[in-house]
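Student: Have a look at this fold, sequence not included:
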């Protein structure tokens, strides 16, 4: 069964969850509102997607334009608003091992529960785009050691991602992943899996040794499967990093077309919250009442 429990008063212990047989399902988010909606829906883990941040905050593709500042800001807003476990996409760590150490410290202090680092060169690009290039295996191992040394708590997970499958092939990706596993990462992420044969090779090498992460991208390289099927294959975590942005972009395009054509939102009202409904969700009245308790004291 998939795990979608309600969050507790403290951030969920992702490290403990990943030891269970149930797969953790983490929808991709990019801001506090999306994270709070995921929490309300019953998820206890979300994925702060670098791609989704680039799409929404910059209006640009995922080609390495984002900085650690935007990621940390989004992370701190999500932590202040929710009790979720948050897996953070930290791209390449934004430089060498020293940059990785700074990035890990900043994100951990902002409330990240897991930090993902990849072996692309900087600037990177989306794992499902062509033309990726990689740093050497030894350089990436050094960066992962730096990340592990920089974290303050062993409960902050370090995820080693390799993009080698789409660049050098499956065997090279497994070789790199093995090196990252030996470096001590808490989870492996082999990006761009293309076939059942790839999955079989990966699971033969790593199943039972270290949690493996799956990435479901609508229209991407990896064939889409549901969480139960991925759990049965041996995956411990599945992310849907850009799905929310794709859904919102589709909806927003229709909304703007309707408003442009009609000069009113009337035809779209059944697909919207009204002013009161949104404020009810946000807890506006309760916050105003809380503030009033401190007036004139």
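Tutor: Noted; the coordinates are in hand. Keep in mind that what you see is a predicted model, and the values were worked out from it rather than measured.
Student: elements contacting the lengthiest helix in the chain?
Tutor: Counting by DSSP state H, the longest helix found in the chain is helix 243-262. When contacts are defined as 3 or more C-beta pairs under 8 Å, 6 or more residues apart in numbering; DSSP states H and E, helix 243-262 sits against strand 24-29, helix 50-53. C-betas here are computed from N, CA, C, even on glycine.
Student: ok, then the element right after the last one?
Tutor: Downstream of helix 50-53, the next assigned helix or strand under DSSP states H and E is helix 68-81.
Student: tell me the mean pLDDT over that next one?
Tutor: Mean per-residue pLDDT for helix 68-81: 97.
Student: Quick check: residue 147 touching residue 104?
Tutor: Yes. Between residue 147 and residue 104 there is a contact at 4.9 Å, judged by C-beta atoms under 8 Å.
Student: Please enumerate the shared neighbours of the two.
Tutor: Residues touching both residue 147 and residue 104 (C-beta atoms under 8 Å, 6 or more residues apart in numbering) are 93, 115, 158.
Student: Next, give phi and psi for residue 188.
Tutor: Backbone torsions of residue 188, given as degrees, to the nearest 10, read phi -110, psi 150.
Student: ok, now which ones touch it?
Tutor: Contacts for residue 188 (C-beta under 8 Å, 6+ apart) come out as 159, 160, 161, 162, 177, 180, 181, 206, 210, 211, 212, 213.
Student: Restricted to helices, list these.
Tutor: Among these, the members falling in helices (DSSP H) are 177, 180, 181, 206.
Student: what pairs with the most centrally placed residue in the chain across the strands?
Tutor: The centroid of the chain falls nearest to residue 47 when counting by C-alpha atoms, centre = their mean (2.5 Å). Residue 47 forms beta bridges with residue 28, residue 87, as assigned by DSSP bridges.
Student: Three-state assignment for residue 19, please.
Tutor: Following DSSP: H, G, I helix; E, B strand; the rest coil, the label given to residue 19 is coil.
Student: measure the closest residue to residue 236 other than its chain neighbours to residue 238 for me?
Tutor: The shortest distance from residue 236 to any non-neighbouring residue, by C-beta to C-beta, 6 or more residues apart in numbering, is to residue 211 (3.6 Å). Going from residue 211 to residue 238 by C-beta to C-beta, to the nearest Å gives 11 Å.
Student: tell me, what's touching the two both at once?
Tutor: Listed as contacting both residue 211 and residue 238 by C-beta under 8 Å, 6+ apart is no residue at all.
Student: re earlier: ok now do the residue nearest to residue 236, which residues does it touch?
Tutor: By C-beta under 8 Å, 6+ apart, the neighbours of residue 211 are 18, 186, 187, 188, 236, 237.
Student: Might one say that the second one is in contact with residue 158?
Tutor: What that stands for is residue 186. Yes. With contacts defined as C-beta under 8 Å, residue 186 counts as touching residue 158 at a distance of 5.5 Å.
Student: Identify the contacts common to these two.
Tutor: With C-beta under 8 Å, 6+ apart as the test, residue 186 and residue 158 both reach residue 114.
Student: neighbour-wise, which of these two wins?
Tutor: residue 158 (25 against 21; other C-beta atoms under 10 Å).
Student: Quick one: classify residue 189 as helix, strand or coil.
Tutor: strand.
Student: what bridges to it?
Tutor: Beta-bridge partners of residue 189, as defined by DSSP bridges: residue 161, residue 213.
Student: Wait, it touches residue 159, no?
Tutor: Yes. Taking C-beta under 8 Å as the definition, residue 189 is a contact partner of residue 159 at 5.5 Å.
Student: Pull up the overlap in contacts between these two.
Tutor: Applying C-beta under 8 Å, 6+ apart, one finds that residue 189 and residue 159 are jointly contacted by 116, 213.
Student: Residue 104: what's its closest spatial neighbour, skipping adjacent residues?
Tutor: In space, residue 104 comes closest to residue 150 once its chain neighbours are excluded; the distance is 4.3 Å by C-beta to C-beta, 6+ apart.
Student: Using TSV, lay out the helices and strands packed on helix 243-262 together with distance to residue 278 and mean pLDDT.
Tutor: Output for these, formatted as TSV (distance: least, C-beta to C-beta, whole Å; pLDDT from 0 to 100):
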stretch	distance to residue 278	mean pLDDT
strand 24-29	18	97
helix 50-53	22	95
